[in-house]
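Engineer: sequence-free structure coming up:
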Ligand code: HEC
Ligand code: HEC
């Protein structure tokens, strides 16, 4: 009897899935579940500069929906700068930036998927029980307990980074504390947030475990940010998804050719695999090197050794996490250091990495001007030995394709742009509880730009 009922229910569900007009895409990843009220607090925090040492930058500054949840820059500009995207300035006087952010800001699409177990270009934040607290992070055993996901663990670190959000040691109490020990900064930030009546009320309402605002701590803040990112930036409504779902007209003929190459001869899907378009492994492409590098203790060279910095294994040198490709058309420039301005150049590099590396020129990247940093920006390119070492590490061997095939592949990559992501229609609060200004994109209101851009963040 019970079995019959179960079967009947299954049949009804299967029938519903075929007949309902708004069927969920079968191409959607499986997502972790998060609390929607906590996500709404996360939305305010994400755009609130209160989380930064000098109250001058928010997560949204570098991960803005108007720029596909990235910042449109090859290497970002952290605290000290002002503005969004290509308009972002590098600051003046004692507030000017001291360093460029050493890597390209990744987009935040679909990071709530259960397949996401490690984050960052080198995977240095991951699910693991090495320290008995569920995550392997730069804070090691000092990571607080109770974080709801790897996304929540990640959210703690931009706040303690001098270059990104904290500022420098002598400027404010957050950076000063982080300089002593990374976890000392978090209680200071949490106190800033909980002493604002609007935040304290929202937290107590949304977290069952909280009855007294005095107990709001950095874990609640990180969990709210994670809930927001995971629920807000889901994206599986692209033309490709529509095609997977049976809409024969969703892709153009060129995109179909590109799709066949992507999954076939061009072998892209051997690395950019699955519904997220990444196997989450680490591979070397030998991208042209430049920028301040991600300096490690005892390494005098301005270089980025990628995964090796985390694993300490020589065989991981210069290997980076395979990026996911959904909405990739919205997030130029490309690569872990933004070395390529266009998808075409990025795809071409995959096919002839050595040649592309040799032909790459420093004028390929448009860095926001910072004359005081210019001498160091490309200094690594003059180190012949290091350049040879980097060029020698390559995991890519794709047969050269004619230009028309490359354009077909690029057309297919455009078919991975979600409808909502493309319009940039995400709710950005005009005001946040701290009263600090929320960064808003400057709209180009000319008719041409309106037609062309198609990725505005709409304020509601
Ligand atoms: C100054 C720019 C900047 C700010 C501000 C910033 N980020 Fe990032 N974010 C980056 C960069 C650059 C990376 C990649 C760093 C790396 O791999 O070493 C990154 C990586 C991430 C990732 C990992 C994405 C992935 O696919 O692995 C997440 C999640 C993220 N940031 C969330 C946040 C949150 C939450 C905040 C605010 C608390 C924030 N970011 C503030 C620039 C920024
Ligand atoms: C051997 C594994 C591998 C294969 C095969 C591969 N890729 Fe990649 N791809 C990577 C890695 C690794 C990166 C990031 C490299 C870095 O940042 O240093 C990358 C980066 C990219 C990017 C830039 C994404 C971003 O957000 O910056 C695009 C676009 C891309 N690949 C498309 C393709 C296409 C199209 C193909 C097939 C022609 C392909 N890839 C084949 C490993 C691979």
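Structural biologist: In hand now; what should we look at? The shown structure was predicted, so the numbers you read here are calculated from the model rather than taken from an experiment. Ligands and ions are numbered 1, 2, ... in the order given.
Engineer: Please report how far residue 146 lies from residue 215.
Structural biologist: Counting by CB to CB, to the nearest Å, the gap from residue 146 to residue 215 is 12 Å. Any C-beta I mention is one placed from the backbone N, CA and C, and that applies to glycine too.
Engineer: Kindly apply the preceding question to residue 435 instead.
Structural biologist: 24 Å.
Engineer: Between those two, which is the more surrounded one?
Structural biologist: residue 215 (14 against 10; other CB atoms under 10 Å).
Engineer: Residue 332: what's it in contact with?
Structural biologist: Residues in contact with residue 332, defined by CB atoms under 8 Å, 6 or more residues apart in numbering, are 72, 341-343.
Engineer: same check, this time on residue 333
Structural biologist: Residue 333 sits next to 73-74, 104, 339-341, 365 when contact means CB under 8 Å, 6+ apart.
Engineer: Run through the residues of the stretch 1-150 of the chain sitting next to ligand 1.
Structural biologist: 51, 57, 59, 61-63, 76, 78, 101, 103, 105-106, 108, 111, 119-121 (CB under 6 Å from any ligand atom).
Engineer: In helices only, show me these.
Structural biologist: Residues of those located in helices (DSSP state H): 59, 61-62.
Engineer: which stretches of the stretch 51-200 of the chain form strands?
Structural biologist: Taking DSSP state E, counting those that start in this stretch to define them, one finds strands in the stretch 51-200 of the chain at 118-119, 125-127, 135-136.
Engineer: I'd like to know which of those strands lies nearest to residue 360.
Structural biologist: Closest to residue 360 of the strands of the stretch 51-200 of the chain is strand 118-119 (CB to CB; 27.6 Å).
Engineer: Centre of the chain to that closest one, how far?
Structural biologist: Computed by CA atoms, centre = their mean, to the nearest Å, the chain-centroid distance of strand 118-119 equals 10 Å.
Engineer: for it, packing partners?
Structural biologist: Other elements packing on strand 118-119 under the criterion 3 or more CB pairs under 8 Å, 6 or more residues apart in numbering; DSSP states H and E are strand 125-127, helix 150-155.
Engineer: can you redo the ones you listed as CSV with mean pLDDT?
Structural biologist: Shown next, in CSV, are the helices and strands packed on strand 118-119 (pLDDT from 0 to 100):
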stretch, mean pLDDT
strand 125-127, 98
helix 150-155, 98
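Engineer: Single out the most deeply packed of those.
Structural biologist: Burial of the helices and strands packed on strand 118-119 is given as mean neighbour count (mean count of other CB atoms under 10 Å); helix 150-155 ranks first at a mean of 25.
Engineer: name the helices or strands packed onto that helix?
Structural biologist: strand 118-119, strand 125-127, helix 218-232.
Engineer: which residues are contacting it?
Structural biologist: Contacts with helix 150-155, where a contact means CB under 8 Å, 6+ apart, come from 59, 111-112, 116-120, 125-127, 134-135, 137, 143, 147, 219, 221-223, 225-226, 229-230.
Engineer: That'll do, ta.
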